[in-house]
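> What follows is a predicted structure for the sequence shown.
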Amino acid sequence: MGISDFFAFAARTKYINRWALMRNTRYETLSEHSAQAAEIAYALAVIGNERLGKNYNAERAALLGLYHDLPEIITGDLPTPVKYFSEETKSAYKAVEKNASKQLLSMLPDDLRKNYEPLFKKKADDKELWKLVKSADKICAYLKCIEERNAGNKEFCEAEKSITKTLQRLDCEEAQIFIDEFVPSFEKTIDQMKK
């Protein structure tokens, strides 16, 4: 076995700043986002299992959430308005992202690679879990908007409106439950939370 660069490369998520086109009061790294997305994807799966009679693999949802943006180490965090500017741009970015995933996977030893491929390639078996991850990703974006608004930054107001509409169109009952029960606390100060 030779030396593998995979985890050293993955550790660089802490250097990738999100929201590149926006003025931020505090930068959010890809590492922070991935951790939060994993936490929320896990919560959505648990909500589905406990309240909606689903049979999600919550741990797998968390793992998919943790790795969902890892190709951005290579591609960077392309701002949403750029990424979805046109069908051609969207298609080209998907191809770039797919190549980035292949490059990351190639950094793993052959005997371990098969365990990581499902984290980068969407399998039919994981369709419902990827829906939860997508919902978690959008909730994370919404929470960032709340954080910036609460810090007095109006830069995120339009993004918050747009993301609110996206969340309403997701058709994910688990996400709506999470938004109703957990998101209001993100409007509170730490002192208000302790009461």
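That came in fine, so what should we check first? Quick caveat: nothing in here was measured; it's all calculated off a predicted structure.
> Check which element follows the lowest-mean-pLDDT helix or strand in the chain along the chain.
Across the helices and strands of the chain, mean confidence by mean pLDDT, DSSP states H and E is lowest for helix 80-83: a mean of 67. Next helix or strand after helix 80-83 toward the C-terminus (DSSP states H and E): helix 87-106.
> Show me which positions of that following helix end up buried.
By 16 or more other C-beta atoms under 10 Å, the buried positions in helix 87-106 come out as Y93, E97, A100, S101, L104, L105. No exception for glycine: its C-beta is placed from N, CA and C like everyone else's.
> remind me which residues of this protein are low pLDDT?
Within the chain, the stretches with pLDDT under 70 are 1, 78-85, 195.
> Quick check, central residue of it?
D137 (3.5 Å; C-alpha atoms, centre = their mean).
> my guess is that residue contacts A37, does it?
Yes: between D137 and A37 a contact is recorded at 5.5 Å, counting by C-beta atoms under 8 Å.
> which neighbours do those two share?
G65, H68, D69 (C-beta atoms under 8 Å, 6 or more residues apart in numbering).
> Does the first one touch A136 like I think?
In this case it means G65. Yes: in this structure, G65 is within contact of A136 by C-beta under 8 Å, at 5.4 Å.
> shared neighbours of the two, which are they?
A37, A38, I40, A41.
> ok, those residues vs T164, which is closest?
I40 (16.4 Å; C-beta to C-beta).
> Skipping adjacent residues, who's closest to that closest one in space?
A136 (3.8 Å; C-beta to C-beta, 6 or more residues apart in numbering).
> next SSE after the helix or strand that contains the one you found?
Using DSSP H and E, A136 maps to helix 127-150. Going down the chain from helix 127-150, the next helix or strand is helix 157-169, by DSSP H and E.
> on that earlier part again, mind checking how far the residue nearest to I40 is from T89?
Remark: distance between A136 and T89 (C-beta to C-beta, to the nearest Å) = 24 Å.
> ditto for I177
Separation of I177 from T89 (C-beta to C-beta): 34 Å.
> same thing with E148?
As judged by C-beta to C-beta, E148 and T89 stand 26 Å apart.
> JSON lines for the buried residues of helix 87-106, including distance to R51?
Shown next, in JSON lines, are the buried residues of helix 87-106 (distance: C-beta to C-beta, whole Å):
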{"residue": "Y93", "distance to R51": "35"}
{"residue": "E97", "distance to R51": "33"}
{"residue": "A100", "distance to R51": "36"}
{"residue": "S101", "distance to R51": "33"}
{"residue": "L104", "distance to R51": "35"}
{"residue": "L105", "distance to R51": "36"}
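> Understood, closing this out.
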